[in-house]
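*Asks:* Based on what follows, work out the 3D shape:
(one chain, ligands or ions: 1)
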Amino acid sequence: MSTEKVKIVVDSSSDVLQFENIGFASAPLKIITSEREYVDDNSLDVGEMVEGLLHYNGKSSTSCPNPEDWLKTFGDAQTVFCVTITAALSGSYNSACIAKKMYEAEYPERKVYVINSYSTGPEMKLIIEKIRELVLAGLEFDDVAEQTQTYMKKTGLLFMLQSMKNLANNGRVSHIKAKMAGILGIRALGKASDEGTLEMLEKCRGENNSGIAIIAQLKNQGYKGGKVRIAHCLNESFALRIKDLLVQEFGNFDAEVYSCRGLCSFYAEKGGILVGFEK
Ligand code: X90
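*Replies:* Below is the predicted model:
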């Protein structure tokens, strides 16, 4: 497969805006309040949005890219690998599938492979890094697709959220369940389930204990020293602490710490972090 006309596209829940050495584009989700709309693209001031939302008590929601938004990211690429946020929580995957049909109908010699990540944020970043590696290694389309699916069985996502207010208010987790678990307003550690939904693992108190709990859960989930991607919502010190704890235990490994963009910031809320890892 010639790498020239290959493009990797994602939705903005991946927190990735730029991606080196291969064609790339991101389709923005939107964060909507009764006062304004935040488009989760390059120009969004995430810090300002998060602070603004802290002082906002009205209704807020999000919306996923529509098929036209996805078509824009495809551009004129011959081959597209499109990775979306979990279809269990968003319509993004469905939109991308519609865009694929339209694109392939219009250009029968072009191909789009849509991947439901069953996850979001840093796990999506790991997935697109793998796709790029496979494409640049010269693999054919079908082999890239197949090996990416195999890779995804060996990746996971843990998250720690300060509150689940925005998730519950938008029906992404059940209000009643969240209340019963006593995790509304308390720091909770969870993972992306195999079905691509939120699965709560434990409640945590204090950042010290939380850091230790995350390391323990990472090991529980099969982490052995592979790649880790940590995205945080205005909480770099906590993200770095987790990285340090992992370095103490596993020595040097491939790690990146960076800020969430708009969509993940909205749902993870100030202080929240997401950890994508290899098993
Ligand atoms: O279509 C839309 O409006 C987007 C809805 C997205 C809802 C969930 C976003 C979660 C963001 C929170 C913790 C990680 C959850 C992992 C789930 C598999 C981050």
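
*Asks:* and this structure, which residues reach the ligand?
*Replies:* When proximity is defined as C-beta under 6 Å from any ligand atom, the chain approaches the ligand at 29, 62-64, 85-86, 89-92, 119-120, 157, 159, 172, 192, 196, 198, 264, 267-268, 274. (C-beta placed from N, C-alpha, C; glycine too.)

*Asks:* out of the residues you listed, which are buried?
*Replies:* Using 16 or more other C-beta atoms under 10 Å as the burial test, those include 29, 62, 64, 85-86, 89-90, 92, 119-120, 157, 159, 172, 192, 196, 198, 264, 267-268, 274 as buried.

*Asks:* Sort out which of those are in helices and list them.
*Replies:* Per DSSP state H, helices hold the following members of these: S92, C264, Y267, A268.

*Asks:* So the last one is in contact with F159, correct?
*Replies:* Spelled out, that is A268. Yes. Counting by C-beta atoms under 8 Å, A268 does reach F159; the two are 6.7 Å apart.

*Asks:* Can you work out which residues contact both of these two?
*Replies:* Shared contacts of A268 and F159 (C-beta atoms under 8 Å, 6 or more residues apart in numbering): L274.

*Asks:* who touches the most centrally placed residue in the chain in this structure?
*Replies:* Centroid-nearest residue in the chain: G121, 1.7 Å away (criterion: C-alpha atoms, centre = their mean). G121 sits next to S13, S14, D15, L157, F159, A231, C260, C264, L274, G276 when contact means C-beta under 8 Å, 6+ apart.

*Asks:* ok, those vs D69, which is closest?
*Replies:* Closest to D69 out of the contacts of G121 is S13 (13.2 Å), distances taken as C-beta to C-beta.

*Asks:* how near is the closest one to H232?
*Replies:* For S13, the distance to H232 equals 15 Å [C-beta to C-beta, to the nearest Å].
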